[in-house]
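Student: got a sequence here, can you build the structure:
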Amino acid sequence: MRTQWNMLVAVVSGLVLAAAFPDLGWWPLAFVSIGGLWWALRDVGAWGGLGLGWLYGIAFFAPHVWWAYIATDVVPWAALSIAEGLAWGLMGAVWAHVRRSGLIGNSLLAGPALFAVLWTGMEQLRSVLPFDGFPWGRVAFSMADAPVAALAWLGGVPLVGFAVALAGAFLGLAAERGVQRRPVHAAAAPALAIVVVFAGGLIPLDSRATDGEVNLAVVQGNVPDRGLDSFSQAREVLHNHAAQSTLAIEEAAEQGFDIDLVIWPENAADIDPRGDQEAYDLVTNAAQEAQAPLLLGTVDYTPVDGRYNTSLLWSPEGAVLDTYTKQRPVPFAEFIPMRDFARMFSEDVDRVSVDMLAGEDPAVMDAYLESQGRVVTLGTVICFEVAVDDVVRESIALGGELLIVQTNNATFGHTAESTQQLQMTRIKAIETGRYAIQDSTVGVSAIVTPTGRVVQETGLFTAEHMLATVGLRTDITPAVRLGGWIAWGFLAGAGVLAVSAMGRRLRERYEW
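Tutor: Residues are numbered from 1 along each chain as shown. From the prediction side, this is the model:
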């Protein structure tokens, strides 16, 4: 009976974690969920930990990435949920070894701290493996409206994730000690959880412009809501963005708003203006109307063995001023690893007929802006890359004064995919200390301050634009400076903990 009860707790806790993310966005439930996982794993062995953790992970991921079902079909969605859920299964197995090894003893602090290290290490591991990982769904991305989010400024996504897991483990420990009739620990643990959650509020985040201000026209031209077939409407999408640019420029003229930079999203000009006359004319005309550079997304089919997802910085004279090519294409979405094997499970893999290749240069572009009288360095990540810590961190470390996230959410319908991505952009704004612009073909697009606050936002599947004055900043946050060391430190710590716990258990079993 206890096994069935633990299974129920694990599944319900996973579903509760999904509710902490958009569109529901009930972030306090993340702590409850992690506390539930602690409870479910409290007295199981390694195989039980594997099974219960895997159930938890699947129960979380299946609703969290429901947009994968909308964009593809049941098999890719189920495969993604099951594969990613395994990360929590491995964590559960290791945690069972840790508990039974005697490493945590009866301490009030050691158990939650070690649990949080394992959680954070697990998130870091699945962010890099396999195929460059899948960092979507890390618990820190549910915390954009929580006080603990400010810890992103200090240590990035891993530190926020550690704090959330620590607070959740304290709640689980409180329930456990309550059943054991240890009232002091049962009362102290929730108090410690509250301290952890609100500790980030002590960090004084600053959103002031330190290096000037720029006026932006952010264009969302909209895409027909036709799932994956949206990509077949490239010329219509291009015209939509050109038309919406004209409206933005007209509104700016009425307001006396001098545009410094026009931003179009990923895939806004999939017909590459460098090789198509109509696309060239539309893009050049948009930049000329604004009398400012235009940042736009296109697809480069010139490689003989694939294609590039590329951003172009376009001048009013029709010249390419700078380029950036996406470094982290998404496996099974933009390129297909093991295509023949994957086809055995779903023929949808052949919808990606030409694999996307990875760019090699960092996500920065240099734009000379007349209002500043100087070259301004832009951090220009593309879509999924906003979740990839090292790509964002490098773009700021190399001088990015503004973080721009160009994205295309057209294939995911009216799901939470776009709002989940906006939460990532908000956390990254805090982490980098930069104003962040999320510009989507269909929404949600937004302007975000360095404190993670959304000051403008568009709807979903609407044609809209935003005019915004944002600050430029060049200071480097501790998270940008040290974030890589912090992330790998958590992964190494989890590895050392796993080896130590399993080594102790082996010695006990064989009396070495």
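Student: make it CA atoms for all contacts and neighbour counts henceforth
Tutor: Fine.
Student: how about the backbone phi and psi for Arg307?
Tutor: Backbone torsions of Arg307, given as degrees, to the nearest 10, read phi -150, psi 160.
Student: what sits closest to Phe31 if chain neighbours are left out?
Tutor: Nearest-residue entry for Phe31: Gly168, 4.1 Å, with adjacent residues in sequence omitted and distances by C-alpha to C-alpha, 6 or more residues apart in numbering.
Student: the one you found against Pro28, yeah?
Tutor: No - here Gly168 lies out of contact with Pro28, judged by C-alpha atoms under 8 Å, at a distance of 9.6 Å.
Student: looking at the two, which is more packed in?
Tutor: The residue with more neighbours, out of Gly168 and Pro28, is Gly168; 32 against 19, by other C-alpha atoms under 10 Å.
Student: and that one, which of the three is it?
Tutor: Local secondary structure at Gly168 is given as helix here, using DSSP: H, G, I helix; E, B strand; the rest coil.
Student: spit out the contact partners of it.
Tutor: Residues in contact with Gly168 (C-alpha atoms under 8 Å, 6 or more residues apart in numbering) are Ala30, Phe31, Val32, Ser33, Ile34, Gly35, Ala193.
Student: secondary structure class for Met91?
Tutor: helix.
Student: per-residue pLDDT of it, please?
Tutor: The confidence metric pLDDT takes the value 97 at Met91.
Student: strands of the stretch 201-350 of the chain, start to end?
Tutor: Across the stretch 201-350 of the chain, reading from the start of the chain, the strands by DSSP state E, counting those that start in this stretch fall at 213-220, 261-263, 294-300, 308-314, 320-325.
Student: any chance of these in TSV, with distance to Asn409 and mean neighbour count too?
Tutor: Compiled in TSV, the strands of the stretch 201-350 of the chain are given as follows (distance: least, C-alpha to C-alpha, whole Å; neighbours: other C-alpha atoms under 10 Å):
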stretch	distance to Asn409	mean neighbour count
strand 213-220	11	24
strand 261-263	16	25
strand 294-300	13	25
strand 308-314	15	24
strand 320-325	18	19
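Student: let's have those in JSON lines, adding mean pLDDT and distance to Ala494.
Tutor: Shown next, in JSON lines, are the strands of the stretch 201-350 of the chain (pLDDT from 0 to 100; distance: least, C-alpha to C-alpha, whole Å):
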{"stretch": "strand 213-220", "mean pLDDT": "98", "distance to Ala494": "42"}
{"stretch": "strand 261-263", "mean pLDDT": "98", "distance to Ala494": "41"}
{"stretch": "strand 294-300", "mean pLDDT": "96", "distance to Ala494": "39"}
{"stretch": "strand 308-314", "mean pLDDT": "97", "distance to Ala494": "35"}
{"stretch": "strand 320-325", "mean pLDDT": "98", "distance to Ala494": "34"}
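Student: of all these, which one is nearest Asp23?
Tutor: Using C-alpha to C-alpha as the measure, strand 213-220 is the one of those that comes nearest Asp23, at 20.6 Å.
Student: so how far is that closest one off the chain centroid?
Tutor: Computed by C-alpha atoms, centre = their mean, to the nearest Å, the separation of strand 213-220 from the middle of its chain amounts to 23 Å.
Student: pull up the pairing partners for it, direction included.
Tutor: When pairing is defined by DSSP bridges, strand 213-220 lines up against strand 261-263 (parallel), strand 464-471 (antiparallel).
Student: just name the most buried of the ones you listed.
Tutor: Mean neighbour counts were compared across the strands paired with strand 213-220 using mean count of other C-alpha atoms under 10 Å; the top stretch is strand 261-263, at a mean of 25.
Student: identify the farthest-apart pair in the contacts of Gly168.
Tutor: Longest distance between any two of the contacts of Gly168 is 13.4 Å, between Ser33 and Ala193; criterion C-alpha to C-alpha.
Student: ok, these two, which is more surrounded?
Tutor: Neighbours were tallied for Ser33 and for Ala193 using other C-alpha under 10 Å; the higher tally belongs to Ser33 (30 against 23).
Student: surely the more buried one and Val16 touch.
Tutor: Yes - under the contact definition of C-alpha under 8 Å, Ser33 touches Val16, with a separation of 5.6 Å.
Student: tell me the pLDDT at Thr245?
Tutor: Slight slip there: residue 245 is Ser, not Thr. The model reports Ser245 with a pLDDT of 97.
Student: how many residues are close by it?
Tutor: Counted with other C-alpha under 10 Å, residues neighbouring Ser245 total 28.
Student: do Val184 as well
Tutor: The tally of other residues near Val184 (other C-alpha under 10 Å) stands at 12.
Student: with the one 5 residues further on instead?
Tutor: Here the number of neighbours of Ala189 (other C-alpha under 10 Å) works out to 24.
Student: could you identify the helix or strand that succeeds the least confident helix or strand in the chain by mean pLDDT?
Tutor: The least trusted helix or strand in the chain, going by mean pLDDT, DSSP states H and E, turns out to be helix 339-343, with a mean of 68. Tracing the chain C-terminally past helix 339-343 and defining elements by DSSP states H and E, one meets strand 364-369 next.
Student: following that next one, which helix or strand comes up?
Tutor: Read in the C-terminal direction, the helix or strand following strand 364-369 is strand 374-382, with elements assigned using DSSP H and E.
Student: just to revisit the earlier point, which of the contacts of Gly168 lies closest to Ile259?
Tutor: Closest approach to Ile259 among those (C-alpha to C-alpha): Ala30, at 41.2 Å.
Student: how near is the closest one to Met91?
Tutor: As judged by C-alpha to C-alpha, to the nearest Å, Ala30 and Met91 stand 17 Å apart.
Student: again with Gly48
Tutor: In this view, Gly48 and Met91 are 11 Å apart by C-alpha to C-alpha.
Student: counting neighbours, go ahead and name the busier of the two.
Tutor: In this view Gly48 and Met91 are compared by other C-alpha under 10 Å, and Met91 has more residues nearby, 25 against 20.
Student: wait, the more buried one sits on Ala116?
Tutor: No - with contact taken as C-alpha under 8 Å, Met91 and Ala116 are classed as non-touching, separated by 10.6 Å.
Student: quick check on the most centrally placed residue in the chain: phi, psi?
Tutor: For the chain, Ala387 is the residue whose C-alpha lies nearest the centre (C-alpha atoms, centre = their mean; 2.9 Å). Per-residue torsions, Ala387: phi -90, psi -10 (degrees, to the nearest 10).
Student: show me what contacts it?
Tutor: Ala387 sits next to Pro135, Trp136, Met424 when contact means C-alpha under 8 Å, 6+ apart.
Student: just put the residues you listed in TSV and tack on secondary structure, neighbour count and distance to Gly221.
Tutor: Supplementary listing: the contacts of Ala387 in TSV, determined by DSSP: H, G, I helix; E, B strand; the rest coil; neighbours: other C-alpha atoms under 10 Å; distance: C-alpha to C-alpha, whole Å:
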residue	secondary structure	neighbour count	distance to Gly221
Pro135	coil	20	28
Trp136	coil	21	26
Met424	helix	25	22
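Student: would you mind giving the residues you listed as CSV with distance to Trp95 added?
Tutor: Output for those, formatted as CSV (distance: C-alpha to C-alpha, whole Å):
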residue, distance to Trp95
Pro135, 22
Trp136, 23
Met424, 28
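Student: and of those residues, the nearest to Ile70?
Tutor: The shortest gap between Ile70 and any of these belongs to Trp136, at 16.8 Å (C-alpha to C-alpha).
Student: leaving out the residues flanking it, which one is nearest to the closest one?
Tutor: Counting by C-alpha to C-alpha, 6+ apart, the residue nearest Trp136 is Ala387, at 6.3 Å.
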